[in-house]
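1. build me a structure from this.
(2 chains)
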Amino acid sequence: MDTITLENVSLSFKAKPNPFVVLDDINLSLNKGEFVVLLGPSGCGKSTILNLVAGFNRPDQGRVLVNGKPVLKPGADRGMIFQQPNLFPWLTVLENVAFGPTLGKHNKQQVNDQATEWLARVGLRGFEHHSPWQLSGGMKQRVALARAWLPGPEVLLLDEPFGALDAQTRLMMQELLRNAWLGTDTTLLFVTHDVEEALFLADRIVIMSAKPGKIVEEVISPFGRERDIEALVEHPQYGELKHHVLHRVREEAKRHLR
Amino acid sequence: MRLSQHIGISVVSVAVFLAAWQLVATRQWVDPLLLPSLTDIGLTTEELVVDGYRQVPLWEHIAVSLGRALSGFAAAIIIGIPLGLLMGLSDKLAAVLNPFVQFLRPLPKIALIPLVIVWLGIGEGSKFFLIFIATFLSVVVGAAAAVERISRSRIRVAQTLGASPRQIFLRVVLPETLPELFTTVRLSIGIGWTSLIAAEMIAANSGIGWMVINASSYLRTDIVMLGILLLGGIGYLLDLLLLALQQLCAPWAGKE
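-> This is a model prediction of the structure:
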């Protein structure tokens, strides 16, 4: 069943003298519980798609539907994680994670238990009462992950969430994200320009081109549900697929340099 | 530099300055009328504590000035911070109020004294008003600027977690601006404290500002110096107090 649907979505920014077409006739459906990665060169409008689903922007044409209902504004059914963790420094780690549920009617003990459990799931047991500024970059992003996931959103939108982390931390975060996702039925829409990241994470990779932003190809991952990052690179199809995807992305990137 | 080291250097620097002052004054390298020695000022202080200045004890001068200033500050903060935050959030409100705020803010408040006397008389009302208006305008501008500087992305995070506009204001905008509001209040209180002298030029018969002005017309430089030391010292203490309060209420300031 489709949770997220973009139907003939177009969007342009009204720059002078020429309006700038960001997205041109985008059609995309996400199945419930699917892990989809939007891959493309910078400026291809992949983050704009996230903003449309989140409800920060509205399309000029077409419709964005969540469970069949058009998106009008941001809401708790669509969680979002940004490149920066954007934690609330005036709250403890636990309070940050519990922020969503505490906005409505809630049982404090129950919410705290859930938050503690989520912190354990992202490997931050024992950091509940720390302040955000006492954590490293990767740890902060894990808190942001738990905070966005705890309320049980229909879909989680991730805008290059590991882009600001160093290579080792990034690998660990990718494994952590995939493992956390396997334990839920949340749909993930993940934006990146990193081909290896896309190959390791995705059920389906959506490759985009820029100027105007268009979907040029969809690749279904042959790697199955359980993945190990070291075993993956040994997979018979890995090299070939990586070469193909890399080629497509570079082709699109080069086209705009001319 | 460690805090203890910082304080240590500051203490030494002040001690050297005071020692030089004392030396210059006791050796009479400068006319005592122009530069009374610290010991003379000490004696004068003792005299003022015991007998008072113009029948008013020294502590009462201090209390009267502090009372005037603090009531002005309190009113300015209580009205100015919400108004400034609202101006920062609403372009329309900012457009309505900005011309007045920006016109009045750089205006030297001394220029308002004749008008204030005509409007509010020579009682406490006019003194309160002058301190209030100086502090208030600075608080409003600072609070509005604090809102403009907050990060859009934290608001977006709160939105995707389902926060209503009211919740965003109370639980994101307010705490996010808190450290900056403290800075604004510190700067504004500095400005408000400065206008104390202006306020006490209006037919007062007590207060440190009045004491300084009155003593100067009798060439009592020692009392003028004492008044200046008190004005500066109390202003410094108020600022340290606010700094401590900021570290207590917004310990995350500057930590991200």
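2. any idea of the pLDDT on the residue of the stretch 151-256 of chain B found nearest chain A?
-> Nearest to chain A in the stretch 151-256 of chain B, going by CB to the nearest CB, is B:G162, at a distance of 3.1 Å. Bear in mind the C-beta positions are built from the backbone N, C-alpha and C, glycine included. B:G162 is assigned 92 on the pLDDT scale.
3. go on, A:R258?
-> 60.
4. contacting residues around whatever residue of the stretch 1-150 of chain A ends up closest to chain B?
-> Distances between the stretch 1-150 of chain A and chain B by CB to the nearest CB are smallest at A:A76, namely 3.1 Å. When the contact criterion is CB atoms under 8 Å, 6 or more residues apart in numbering or on different chains, the partners of A:A76 are A:G100, A:L103, A:P151, A:P153, B:T160, B:L161, B:G162.
5. what about the fifth one, how many neighbours?
-> The one in question is B:T160. Burial measure for B:T160: 26 neighbouring residues, criterion other CB atoms under 10 Å in any protein chain shown.
6. and for the second one?
-> Neighbouring residues of A:L103 were enumerated by other CB under 10 Å; the total is 18.
7. could you double-check that it sits in contact with B:A163?
-> Yes: taking CB atoms under 8 Å as the definition, A:L103 is a contact partner of B:A163 at 5.3 Å.
8. what do those two both touch?
-> Taking CB under 8 Å, 6+ apart as the contact rule, A:L103 and B:A163 both touch B:R171.
9. not counting its neighbours along the chain, what's nearest the residue of the stretch 151-256 of chain B closest to chain A?
-> Closest residue to B:G162 in three dimensions, ignoring its sequence neighbours and counting by CB to CB, 6 or more residues apart in numbering or on different chains: A:A76, at 3.1 Å.
10. that's a helix at that neighbour, yeah?
-> No: the secondary structure assignment for A:A76 gives coil rather than a helix, going by DSSP: H, G, I helix; E, B strand; the rest coil.
11. now A:Q83, what's its secondary structure?
-> coil.
12. quick check: it touching A:R170?
-> No: with the criterion set as CB under 8 Å, A:Q83 and A:R170 do not qualify as a contacting pair; they are 11.9 Å apart.
13. so which of the contacts of A:A76 is the closest to B:L70?
-> Using CB to CB, A:L103 is the member of the contacts of A:A76 that lies nearest B:L70, at 37.3 Å.
14. now the closest one: how far from A:D159?
-> Taking CB to CB, to the nearest Å as the measure, A:L103 and A:D159 are separated by 22 Å.
15. show me what residue of the stretch 151-258 of chain A gets nearest to chain B.
-> Among all residues of the stretch 151-258 of chain A, A:P151 sits closest to chain B, at 6.5 Å; criterion: CB to the nearest CB.
16. for that residue, which non-adjacent residue is spatially closest?
-> Here the residue nearest A:P151, using CB to CB, 6+ apart, is A:G100, at 3.9 Å.
17. contact partners for that neighbour?
-> Contacts here follow CB under 8 Å, 6+ apart; on that basis A:G100 touches A:A76, A:R147, A:A148, A:L150, A:P151, B:L161, B:G162.
18. same deal with A:P151?
-> Here A:P151 is in contact with A:A76, A:G79, A:G100, A:P101, B:L161, B:G162 (CB under 8 Å, 6+ apart).
19. hmm, which two among those residues are most spread apart?
-> For these, the farthest-apart pair by CB to CB is A:G79 and A:P101; their separation is 12.4 Å.
20. how about the most centrally placed residue in chain A, phi and psi?
-> Centroid-nearest residue in chain A: A:L158, 2.0 Å away (criterion: CA atoms, centre = their mean). Its backbone dihedrals place A:L158 at phi -120, psi 120, with angles given as degrees, to the nearest 10.
21. which residues does it form beta bridges with?
-> Each beta-bridge partner of A:L158 is listed here, defined by DSSP bridges: A:I81, A:F190.
22. ok, now which ones touch residue 214?
-> All of this refers to chain A. Applying CB under 8 Å, 6+ apart, the residues near A:K214 are A:L23, A:D24, A:D25, A:I26, A:M208.
23. switch to chain B, that's the one I care about
-> Contacts for B:N214 (CB under 8 Å, 6+ apart) come out as B:Y53, B:R54.
24. mind listing what's buried in the host helix or strand of it?
-> With secondary structure defined by DSSP states H and E, B:N214 is part of helix B:208-216. By neighbour count with 16 or more other CB atoms under 10 Å in any protein chain shown, helix B:208-216 contains the buried residues B:I208, B:G209, B:W210, B:M211, B:V212, B:I213, B:N214, B:A215.
25. also stretch A:190-209?
-> Burial within stretch A:190-209, assessed by neighbour count using 16+ other CB under 10 Å, is assigned to A:190-203, A:205-209.
26. coming back round to it: how close does the residue nearest to A:P151 get to B:R105?
-> Taking CB to CB as the measure, A:G100 falls 41 Å from B:R105.
27. before we move on, what about A:P70?
-> According to CB to CB, A:P70 and B:R105 sit 47 Å apart.
28. which pair in the contacts of A:A76 has the greatest spatial separation?
-> Across those, the two members that end up farthest from each other (CB to CB) are A:L103 and A:P153, 13.5 Å apart.
29. got the residues of chain B near chain A?
-> Contact residues (CB under 8 Å from any CB of the partner chain) of chain B with chain A: B:151, B:153-154, B:156-164, B:167, B:171-172, B:175-176, B:178, B:250-252, B:255-256.
30. next, A:W118: phi, psi?
-> Dihedral angles phi and psi of A:W118 (degrees, to the nearest 10) take the values phi -70, psi -40.
31. wait, isn't A:L91 in contact with A:F99?
-> Yes: contact criterion CB under 8 Å: A:L91 and A:F99 qualify, at 7.0 Å.
32. more neighbours, these two?
-> With neighbours defined as other CB under 10 Å, A:L91 and A:F99 compare such that A:F99 has more, 25 against 19.
33. okay, that one: pLDDT?
-> 95.
34. got it, and B:E256?
-> 65.
35. and B:L230, by the same measure?
-> If you check B:L230, the pLDDT there is 94.
36. likewise for B:R149?
-> Value for B:R149, per-residue pLDDT: 85.
37. okay, it and B:E176: tell me how far apart.
-> Distance, B:R149 to B:E176, using CB to CB: 9 Å.
38. now do B:I189
-> According to CB to CB, B:I189 stands 22 Å off from B:E176.
39. kindly report the same for A:L171.
-> 33 Å.
40. tell me which of those two has more neighbours.
-> The residue with more neighbours, out of A:L171 and B:E176, is B:E176; 23 against 17, by other CB under 10 Å.
41. show me what the helix or strand hosting the more buried one is packed up against.
-> Taking DSSP H and E as the definition, B:E176 sits inside helix B:174-200. The helices and strands touching helix B:174-200, judged by 3 or more CB pairs under 8 Å, 6 or more residues apart in numbering or on different chains; DSSP states H and E, are helix B:58-89, helix B:124-148, helix B:208-216, helix B:221-249.
42. out of those, which is closest to A:G62?
-> The closest approach between A:G62 and any of the helices and strands packed on helix B:174-200, judged by CB to CB, belongs to helix B:58-89 at 32.1 Å.
43. list the contacts for A:Q83?
-> A:Q83 sits in contact with A:D159, A:E160, A:P161, A:G163, A:A164, where contact means CB under 8 Å, 6+ apart.
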